[in-house]
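S.K.: no sequence on this one, just coordinates:
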């Protein structure tokens with residue numbers, strides 16, 4: 001599960017954002033990402049398949065992903081300020097939930113700072 005700001009989550013579900021950027025990336029193999037939107041929404045709104053992960057220098061990462069980054073150049077470089085290497089999760093098939101889920105009720109957890117591993121989806125998703 002990834003915590004994503006609402007405007008970026010919306011861009012993912014519209015298909016405008018095809019990469020989700022992270023300063024730190026998963027250590028385990030992840031094939032699906034559950035999308036938790038941060039404040040003010042604070043709901044689990046959908047999921048997407050992980051089509052791959054690109055790890056590269058920040059400059060090269062921008063060159064490789066900028067057309068479908070869903071973020072402007074300044075925002076991208078501000079996010080990665082102080083980092084040499086950045087990561088881009090390539091977004092595959094996207095599914096928005098008909099009814100968003102309350103994080104605590106559905107998963108029994110608090111909002112992750114960046115991401116958290118989930119082993120099993122609740123039946124309501």
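M.R.: Noted; the coordinates are in hand. Being a predicted model, the structure only gives us computed values, none of them experimental.

S.K.: so residue 22 makes contact with residue 114?
M.R.: Yes - between residue 22 and residue 114 there is a contact at 7.0 Å, judged by C-beta atoms under 8 Å. The C-beta positions use only the backbone N, C-alpha and C, and glycine is treated the same way.

S.K.: who touches both of the two?
M.R.: The contact sets of residue 22 and residue 114 overlap at residue 2 (C-beta atoms under 8 Å, 6 or more residues apart in numbering).

S.K.: of these two, who's got more company?
M.R.: residue 22 (18 against 12; other C-beta atoms under 10 Å).

S.K.: quick one: which helix or strand includes residue 3?
M.R.: strand 2-4 (DSSP states H and E).

S.K.: Please identify the buried residues of that strand?
M.R.: For strand 2-4, the neighbour count (16 or more other C-beta atoms under 10 Å) marks 2-4 as buried.

S.K.: which residues of this protein score low on pLDDT?
M.R.: Across the chain, the ranges flagged by pLDDT under 70 are 122-125.

S.K.: And the strands in it?
M.R.: 2-4, 19-22, 32-37, 43-57, 85-101 (DSSP state E).

S.K.: How about residues contacting the shortest one?
M.R.: Contacts of strand 2-4 with the rest of the structure, by C-beta under 8 Å, 6+ apart, involve 12, 20, 22, 33-38, 111-115.

S.K.: just those now: which is nearest residue 73?
M.R.: residue 20 (17.0 Å; C-beta to C-beta).

S.K.: my guess is the closest one meets residue 89, correct?
M.R.: Yes - between residue 20 and residue 89 a contact is recorded at 4.4 Å, counting by C-beta under 8 Å.

S.K.: So for the two, which residues contact both of them?
M.R.: Shared contacts of residue 20 and residue 89 (C-beta under 8 Å, 6+ apart): residue 33.
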